[in-house]
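> Sharing a model that was predicted from the sequence below.
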Amino acid sequence: MPPVLMTAYIELSLYLFAGSFRVRLGFRALWRHRIALNYQANLADLIRISGPEKKNRWRGPRAAPLARIG
């Protein structure tokens, strides 16, 4: 393998490795943000549902039986 090709290959592999690392870090940050947003939404739901309008609260098709029971 000629040295020029070898250096180009090494540079390209390093660049790709750094890019994948950056993408992975970005995904982790996005995941954390999503978890935080989910947590906030769940807290808001709990606070909102624990009010006096708890009995006739419709929370989508999956939670409909729970809303009817409560």
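Yep, it's here. Being a predicted model, the structure only gives us computed values, none of them experimental.
> any low-confidence regions in this protein?
In the prediction, the chain carries residues with pLDDT under 70 at positions 1, 44-70.
> need the strands for it, in chain order.
Secondary structure of the chain (DSSP state E): no strands located.
> where exactly do the helices run in it?
When assigned using DSSP state H, the helices of the chain occupy the ranges 3-49, 64-69.
> Just send these back as CSV, with mean neighbour count too.
Heads up, the C-betas are built off the backbone N, CA and C, glycines and all. What follows is those, written out as CSV (neighbours: other CB atoms under 10 Å):
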stretch, mean neighbour count
helix 3-49, 10
helix 64-69, 11
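> distance of residue 17 from residue 6?
Distance from residue 17 to residue 6, counting by CB to CB, to the nearest Å: 16 Å.
> my bad, should have said residue 32
Relative to residue 6, and taking CB to CB, residue 32 is found at 39 Å.
> what's the answer for residue 35, then?
Residue 35 is 43 Å from residue 6, where distance means CB to CB.
> Repeat that for residue 25.
When distance is defined by CB to CB, residue 25 is 29 Å away from residue 6.
> cool, residue 34 as well?
Residue 34 sits 42 Å away from residue 6, taking CB to CB as the criterion.
> Same question for residue 37.
Between residue 37 and residue 6 the distance, using CB to CB, works out to 46 Å.
> what do you get for residue 16?
16 Å.
> same question, residue 38
48 Å.
> what does residue 18 give?
Shown here: residue 18 relative to residue 6, a distance of 19 Å by CB to CB.
> Alpha carbons of stretch 21-31, in PDB - could you do that?
Extracted as PDB, the C-alpha positions of stretch 21-31 are listed here (Å, rounded to 0.1, in the frame of the first residue of the first chain):
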ATOM      1  CA  PHE A  21     -18.700   9.400  18.300                       C
ATOM      2  CA  ARG A  22     -20.200  12.900  17.800                       C
ATOM      3  CA  VAL A  23     -23.400  11.400  16.500                       C
ATOM      4  CA  ARG A  24     -23.500   9.000  19.500                       C
ATOM      5  CA  LEU A  25     -23.100  11.800  22.000                       C
ATOM      6  CA  GLY A  26     -25.800  13.800  20.200                       C
ATOM      7  CA  PHE A  27     -28.100  10.800  20.400                       C
ATOM      8  CA  ARG A  28     -27.400  10.400  24.100                       C
ATOM      9  CA  ALA A  29     -28.200  14.100  24.700                       C
ATOM     10  CA  LEU A  30     -31.400  13.800  22.700                       C
ATOM     11  CA  TRP A  31     -32.400  10.700  24.700                       C
END
